[in-house]
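[1] One predicted model, sequence on top.
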Amino acid sequence: QVRLVESGGGVVQPGGSLRLSCTISGFASTFTINTGEWYRQAPGKQRELVASVTGGYVTTYSDSVKDRFFIVRDDVRNTVYLAMNNLEVEDTAVYSCHIILSDWRIGDEDHWGQGTQVTVSS
C-alpha cells in the first residue's frame, strides 16, 4: 500500500526558516517518482501550487515564494523537500505534498499527503 508522509511544519517567527519533508513508500518497483509538488491553502483562499520538481529536476515556483523557497528531490530516499526561508505571515497555510508516480506500462498515479500546518507569527 502506497503511503505518503509529510513532516516539518510548525510555528516560526517572520524571517525564520522551516523545511518540509514528503516521503513516499510502499509502491511497486516498476514505478518511479515523476513529479513532486507542494501546494498550500490558507483559510478562505484557494489552494496554490507553491513549487514543483520534474523527473528531469526542473523546478518551478509561484511568484510569491520565488527566491525564498526551494524544492529538492532525493530519489534514493523517495523524498521531496521544501526549504522555506525568510518566511512571511502570508506564508501561513496548510502545506500538502503531491507526488505523481509513473510506470511506462501502467501510467501515472496521484498521491497526496495529509497536509502539515505552517504558521508564521510573531
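    That came through, no problem.
[2] Could you pull out the helices in the protein for me?
    In the chain, no helices are found when defined by DSSP state H.
[3] how about low-confidence regions in it?
    For the chain, no stretch has pLDDT under 70.
[4] Let's see that with 90 instead.
    Applying pLDDT under 90 to the chain picks out residues 29.
[5] in it, what residue sits furthest out from the centroid?
    R105 (26.3 Å; CA atoms, centre = their mean).
[6] what sits against it?
    T30 (CB atoms under 8 Å, 6 or more residues apart in numbering). Heads up, the C-betas are built off the backbone N, CA and C, glycines and all.
[7] Likewise for the one 3 residues further on?
    Neighbour list for D108: 34, 100-102 [criterion: CB under 8 Å, 6+ apart].
[8] most neighbours, which of the residues you listed?
    L101 (21 neighbours; other CB atoms under 10 Å).
[9] Isn't that residue up against T35?
    No: look at L101 against T35 with CB atoms under 8 Å: they stay out of range, at 9.4 Å.
[10] Test of understanding: give the bridge partners of the residue nearest to the spatial centre of the chain.
    With distances taken as CA atoms, centre = their mean, the residue of the chain nearest its centroid is W38 (2.9 Å). For W38, the beta-bridge partners are A51, C97 (DSSP bridges).
[11] ok, it to Y81 distance?
    Note on W38: its distance to Y81, by CB to CB, to the nearest Å, is 9 Å.
[12] Report the set of residues contacting both of those two.
    Common neighbours of W38 and Y81, counting by CB under 8 Å, 6+ apart, are 20, 22, 71.
[13] Save these as CSV, and put in neighbour count and distance to T92 too.
    Putting those into CSV (neighbours: other CB atoms under 10 Å; distance: CB to CB, whole Å) gives the following:
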residue, neighbour count, distance to T92
L20, 25, 14
C22, 28, 19
I71, 22, 19
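[14] which of those lies closest to R77?
    C22 (10.6 Å; CB to CB).
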